[in-house]
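Asks: Next input, structure requested:
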Amino acid sequence: MTGKGKARMGVIGLGMGKNHVKNYQKYERCKVVALCDSNRALLKSVAQECNVSRAYTSIDKMLNAPLNLDGVSIALPNYLHAPVTIQALNKGINVLCEKPMAMNAQEAQEMVSAAKKNKRKLTINFGYRFTDLCTALKEIISKGTLGDIYYCRSIWHRRRGGIPKMGSWFGIKSTSGGGPMIDLGVHRLDLALWFMGYPQAKTVSAGTYAYIGRRLAAETGTKFDVEDLAVAFIRLENGASMILETSWEGYSEKKEDMVTQLYGTKGGVIQRNIAEGYSFEAKMFTEEDGVLKESIILGAKRTKNAMEHFVDCILDDLEPITPGEQGVECMKILDAIYLSAEKGGEIALT
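Replies: Presented below is the predicted three-dimensional model:
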């Protein structure tokens, strides 16, 4: 679809998806025409709050209804990302899928193949890219200000009490695919790779741990068979290295600790959250006439969020900046992290 008309959007899954609905409704280039969630109470509540008249408890019924949908957001539990995305793409509907893209790289590649076969857009909600600050950092890095980036450390740690909805699908491998590495780590992995130009991974060595999560599961009588902490050392094909760390539970200093730090041949940057919250700051460290220089990085002009960008891609026939292909690369690394931890050794990807 191209031109000046409004894109007709739907949202499937209203836990995280409620944020998609609100972001779409703030954007003048689209209209949310349908919602779907198996939770009838949640569906009714969001439909009333957001004034959307068409509400479905069945994904099949929504996708088969004569809604003329241009795009749909999929914000379901991880195990449903691939099948529902492929179903929508086969119906000729463009898809914005929540992270992680899929349960594994094979599913992710099947999603990309479906998008190509149906000539539709597939974009992944790597939402931390869509910020003024990260846009400014990317512009600085793309200009070569840091030189060649040879090392990165990217982390997201949570203090005790960080397991989302203990006893829910998040902590069950068959529905989530993993714990904090696939839930939180995927954000810091994508952000780091994006800053670095998305080099492919060569080898991965990792460890996963679940001491606290398993203890809590035993105490509460719930199921928990994923990790609560994971660490990985990643060698990239361009010679650079990356440390990736993430946790839901740990005896750490901060409630939320998010950091991505890059070291280059001409300079470095650090991006981190402020006061254990979800606002961020960034600094750059360079050298000028033999003197070390520290600079505060300010955000660029307003960056459109993932939903606005998705709508623009549909209406203006643009390529997404968070394409499915990059989601596949992330999933390959995540697969290797879990396999390395299971095998207790390094895994080669190429």
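
Asks: Alpha carbons of the helix or strand hosting Leu89, as CSV, please.
Replies: Assigned by DSSP states H and E, Leu89 falls within helix 81-90. The C-alpha trace of helix 81-90 is given here as CSV (Å, rounded to 0.1, in the frame of the first residue of the first chain):
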residue,chain,number,x,y,z
HIS,A,81,5.4,-15.6,17.3
ALA,A,82,6.4,-17.8,14.3
PRO,A,83,3.1,-19.6,13.6
VAL,A,84,1.0,-16.5,13.9
THR,A,85,3.4,-14.3,12.0
ILE,A,86,3.5,-16.8,9.1
GLN,A,87,-0.3,-17.1,9.2
ALA,A,88,-0.7,-13.3,8.9
LEU,A,89,2.0,-13.0,6.1
ASN,A,90,0.2,-15.8,4.2
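
Asks: how about it: buried residues?
Replies: His81, Ala82, Pro83, Val84, Thr85, Ile86, Gln87, Ala88, Leu89 (16 or more other CB atoms under 10 Å). Where you see a C-beta, it was placed from the backbone N, CA and C, and this is true even at glycine.

Asks: which among these gets closest to Glu319?
Replies: Leu89 (16.0 Å; CB to CB).

Asks: mind checking pLDDT for the residue in the chain sticking out farthest from the centre?
Replies: What lies farthest from the middle of the chain is Asp289; by CA atoms, centre = their mean that is 39.8 Å. pLDDT for Asp289: 88.

Asks: Give the next helix or strand downstream of the helix holding Leu89.
Replies: strand 94-98.

Asks: Show me what that next one packs onto, helices and strands only.
Replies: For strand 94-98, the packing partners by 3 or more CB pairs under 8 Å, 6 or more residues apart in numbering; DSSP states H and E come out as strand 71-74, helix 81-90, strand 122-125, helix 306-316.

Asks: Try it again at 10 Å.
Replies: Packing partners of strand 94-98 (3 or more CB pairs under 10 Å, 6 or more residues apart in numbering; DSSP states H and E): strand 7-12, helix 17-25, strand 71-74, helix 81-90, helix 105-118, strand 122-125, helix 306-316, helix 324-343.

Asks: These: which one's closest to Glu219?
Replies: Closest to Glu219 of the helices and strands packed on strand 94-98 is helix 324-343 (CB to CB; 24.4 Å).

Asks: Sheet partners, orientation included, of the next helix or strand after the closest one?
Replies: As assigned by DSSP H and E, the chain's next helix or strand after helix 324-343 is strand 347-348. The pairing partners recorded for strand 347-348 under DSSP bridges are strand 201-209 (antiparallel).

Asks: what's in contact with the very next helix or strand once past the partner strand?
Replies: Downstream of strand 201-209, the next assigned helix or strand under DSSP H and E is helix 211-220. Outside helix 211-220, the residues that touch it by CB atoms under 10 Å, 6 or more residues apart in numbering are 160-163, 166-167, 171, 179-180, 210, 222-229, 247-251.

Asks: Of those residues, keep whichever come out buried.
Replies: So, by 16+ other CB under 10 Å, the buried ones in the contacts of helix 211-220 are 162-163, 166, 171, 179-180, 210, 222, 224, 226-229, 247-250.

Asks: if you look at those, which of them are in helices?
Replies: Pro180 (DSSP state H).

Asks: now the buried residues of helix 81-90 in CSV, with distance to Ala114 and pLDDT?
Replies: Below are the buried residues of helix 81-90 laid out as CSV (distance: CB to CB, whole Å; pLDDT from 0 to 100):
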residue, distance to Ala114, pLDDT
His81, 12, 98
Ala82, 9, 98
Pro83, 10, 98
Val84, 11, 98
Thr85, 7, 98
Ile86, 5, 98
Gln87, 9, 98
Ala88, 9, 98
Leu89, 4, 98
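
Asks: Just send the residues you listed back as a markdown table, with distance to Met307 too.
Replies: A markdown table is the format used below for these (distance: CB to CB, whole Å):
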| residue | distance to Met307 |
| --- | --- |
| His81 | 17 |
| Ala82 | 21 |
| Pro83 | 22 |
| Val84 | 18 |
| Thr85 | 16 |
| Ile86 | 21 |
| Gln87 | 21 |
| Ala88 | 16 |
| Leu89 | 18 |
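
Asks: for this protein, what are the low-confidence residue spans?
Replies: 1-4 (pLDDT under 70).

Asks: try it again with 50
Replies: For the chain, the stretches flagged by pLDDT under 50 are 2-3.

Asks: So this structure: which segments form each domain?
Replies: 7-127+305-319, 129-304+332-348 (automatic domain parsing).

Asks: So which of these is the most surrounded?
Replies: Across the domains of the chain, the average number of neighbours (mean count of other CB atoms under 10 Å) peaks for domain 7-127+305-319, which reaches a mean of 20.
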